[in-house]
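K.L.:
Structure for the following, please:
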Amino acid sequence: MNLPSYLSVHAIVMMVLFGISVSYLLGRRKTNHPFLMALLGGVLAIMPPLLIIYFVLLLLKKDLPEKSQSS
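P.N.:
Numbers count the residues shown, from 1 in each chain. Presented below is the predicted three-dimensional model:
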């Protein structure tokens with residue numbers, strides 16, 4: 001069974017967008033560099049097993065301390 005090439009490209013693009021969005025959301029909460037984390041998640045989305053490992057590592061990382069608003 002052969003898949004049309006546009007379906008394969010569509011699946012890869014969807015995985016990259018998913019990797020970027022989830023990595024950004026996790027990176028915003030757990031690191032000081034959310035855009036770098038999103039870029040890395042987008043690159044790793046091409047290799048789904050590595051993306052899953054990356055998500056697990058980000059989830060296990062401790063959250064950044066909350067910034068208190070002094071006014």
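
K.L.:
what element comes up after the helix ranked longest in the chain heading to the C-terminus?
P.N.:
Counting by DSSP state H, the longest helix found in the chain is helix 5-30. Where DSSP states H and E defines the elements, the next helix or strand beyond helix 5-30 is helix 34-44.

K.L.:
Report the angle between the lowest-mean-pLDDT helix or strand in the chain and helix 34-44.
P.N.:
Lowest by mean pLDDT, DSSP states H and E among the helices and strands of the chain is helix 5-30, with a mean of 91. With axes from the mean of the first three to the mean of the last three CA atoms, to 10 degrees applied, the angle from helix 5-30 to helix 34-44 works out at 150 degrees.

K.L.:
So which other helices or strands are in contact with helix 5-30?
P.N.:
In terms of contacts (3 or more CB pairs under 8 Å, 6 or more residues apart in numbering; DSSP states H and E), helix 5-30 is packed against helix 34-44, helix 48-60. Every C-beta, even on glycine, is put in place using the N, C-alpha and C of the backbone.

K.L.:
Please name whichever of these is nearest to residue 23.
P.N.:
Closest of those to residue 23 is helix 34-44, at 2.6 Å (criterion: CB to CB).

K.L.:
With that, I have no additional questions.
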